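> Here's a sequence, model it:
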Amino acid sequence: MSAFSEVALEKKLSELSNSQQSVQTLSLWLIHHRKHSKTIVTVWIQELKKAKVSRKLTFLYLANDVIQNSKRKGPEFTKDFAPVIVDAFKHVASASDEGSKKHLERVFSIWQERAVYENDLLDQLKEVLQGGKKPKKRPYEEIKVKEDDYPCPSSPADSPQTVEIIKALQELENAASGDAAVRKRISSLPLEVQDASLLDRITDKESGERLSRMVDDACLLLADYNGRLAAEIDDRKQLTRTLTDFLRTQKEILTEKEQKLEEYKQKLAKVSQVRKELRSQIGNLPDLSLLPNVTGGPLRLPSSGDFYTTD
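Okay, here's the model as predicted:
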């Protein structure tokens, strides 16, 4: 890898794009030069603030990749990013639209879930994402739940949760774990890039440089695939939480519908009993139209024309 300098770092940051490969390539370079972590973080925050709005979020993606993938080699980056990361979040949040803020919240949720930082710092980041305001507790009297605030979907397929689950399942069809082509490339890596004991076979500078390029390519391939697998794991965890919430909601709805069904069964039984008793009573009543009148003919019931008044 190329030698480290502030000028080289500034150039690489200026060329950073939003692609996963670009982020992970620069991340590997930074981790390789982790002894310069303080300088790297200083230049990173400076370039972040100078970057175009469309590129600011990419700088945070880079920080996320460096912080998480450098932990195995040492705490330098986690420690050195800590004093500036809240300021960075504020800067990016203030310059972002709603769509970008959701990605910012995603980075925060990953850090929170993996306990990347202490709770105090995570609380500060959460406050930034909430617009710098801590949620106020409302008095009980102000909390009034209206049925109209939570409309019941016409069918389970109409609910936002269902749409989200279907979308997540469709995205997982193309997840990293199912990428047979990349797995084949990884399994085909030569032994020289996997076994340090084989370095003794290097006999000249040309073969050493050739192997160095092969190792760099292998690092990029594996880092990219590991990043995709980590993202897939996060997606599957999120899907698991969504499914858990969905099942709980469906159980509550099921209980409610069962209660309603029982209630209407009881109503049906009562109405059926009334109908049965009414038919029984009607059957025991005499038919007035068949009663004889004083002349011996059938009784004629009065019609509306029989009622009149005289002056």
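> Which secondary structure elements does the longest helix along the chain sit against?
Counting residues, the longest helix in the chain under DSSP state H turns out to be helix 205-284. Contact here means 3 or more Cβ pairs under 8 Å, 6 or more residues apart in numbering; DSSP states H and E; on that basis helix 205-284 packs against helix 20-32, helix 53-70, helix 98-113, helix 160-172, helix 180-187. All C-beta spots, glycine's among them, are computed from the backbone N, C-alpha and C.
> Give me the most central residue, this protein.
Residue closest to the mean C-alpha point of the chain, counted by Cα atoms, centre = their mean, is Gln238 at 5.6 Å.
> Which residue comes closest to that one once chain neighbours are left out?
With sequence-adjacent residues excluded and distances taken as Cβ to Cβ, 6 or more residues apart in numbering, Gln238 is closest to Ala168, at 7.3 Å.
> quick one: low-confidence parts of the protein?
When residues are selected by pLDDT under 70, those of the chain lie in 1-2, 132-161, 287-311.
> follow-up on the earlier one: now render the helices and strands packed on helix 205-284 as JSON lines, adding mean neighbour count and distance to Val128.
Below are those laid out as JSON lines (neighbours: other Cβ atoms under 10 Å; distance: least, Cβ to Cβ, whole Å):
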{"stretch": "helix 20-32", "mean neighbour count": "19", "distance to Val128": "22"}
{"stretch": "helix 53-70", "mean neighbour count": "20", "distance to Val128": "12"}
{"stretch": "helix 98-113", "mean neighbour count": "14", "distance to Val128": "9"}
{"stretch": "helix 160-172", "mean neighbour count": "13", "distance to Val128": "26"}
{"stretch": "helix 180-187", "mean neighbour count": "11", "distance to Val128": "36"}
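> So which of those helices is nearest Ile233?
helix 98-113 (10.3 Å; Cβ to Cβ).
> any idea how far the closest one is from the chain center?
Centroid displacement of helix 98-113 relative to its chain, using Cα atoms, centre = their mean, to the nearest Å, is 10 Å.
> counting contacts, what elements does it pack onto?
Against helix 98-113 (3+ Cβ pairs under 8 Å, 6+ apart) you get helix 53-70, helix 76-95, helix 119-129, helix 205-284.
> if you compare these, which one is most tucked away?
The highest mean neighbour count among the helices and strands packed on helix 98-113, using mean count of other Cβ atoms under 10 Å, belongs to helix 53-70: a mean of 20.
> Just the residues contacting it, thanks.
13, 16-18, 23-24, 26-27, 30-31, 34, 44, 47-48, 51, 76-78, 81, 85, 88-89, 91-92, 95-96, 100, 103-104, 107, 110-111, 114, 116, 223, 226-227, 230 (Cβ atoms under 8 Å, 6 or more residues apart in numbering).
> Please repeat the previous calculation with a cut-off of 6 Å.
16, 18, 23, 27, 30-31, 48, 77-78, 81, 92, 95, 100, 103, 107 (Cβ atoms under 6 Å, 6 or more residues apart in numbering).
> Tell me the one among these nearest to Asn284.
Once Cβ to Cβ is applied, the member of the contacts of helix 53-70 that ends up nearest Asn284 is His103, at 78.4 Å.
> wait, what's in contact with the closest one?
Contacts of His103 by Cβ under 6 Å, 6+ apart are Leu57.
> could you redo the last one with a cut-off of 10 Å?
57, 60-61, 92, 96 (Cβ atoms under 10 Å, 6 or more residues apart in numbering).
> got it, and Gln238?
106, 109, 113, 164, 168.
> isn't the second one right next to Asp234, touching?
Yes: counting by Cβ atoms under 10 Å, a contact exists between Ser109 and Asp234, whose distance comes to 8.4 Å.
> Would you reformat the helices and strands packed on helix 205-284 as JSON lines and include distance to Leu268?
Output for those, formatted as JSON lines (distance: least, Cβ to Cβ, whole Å):
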{"stretch": "helix 20-32", "distance to Leu268": "61"}
{"stretch": "helix 53-70", "distance to Leu268": "59"}
{"stretch": "helix 98-113", "distance to Leu268": "49"}
{"stretch": "helix 160-172", "distance to Leu268": "31"}
{"stretch": "helix 180-187", "distance to Leu268": "58"}
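> Quick one, which of the ones you listed gets closest to Glu277.
helix 160-172 (46.4 Å).
> I'd like to know which elements the closest one is packed against.
With contacts taken as 3 or more Cβ pairs under 10 Å, 6 or more residues apart in numbering; DSSP states H and E, helix 160-172 sits against helix 205-284.
> centre of the chain versus the helix it packs on, how much separation?
The answer for helix 205-284 is 13 Å, by Cα atoms, centre = their mean.
> likewise stretch 74-81?
28 Å.
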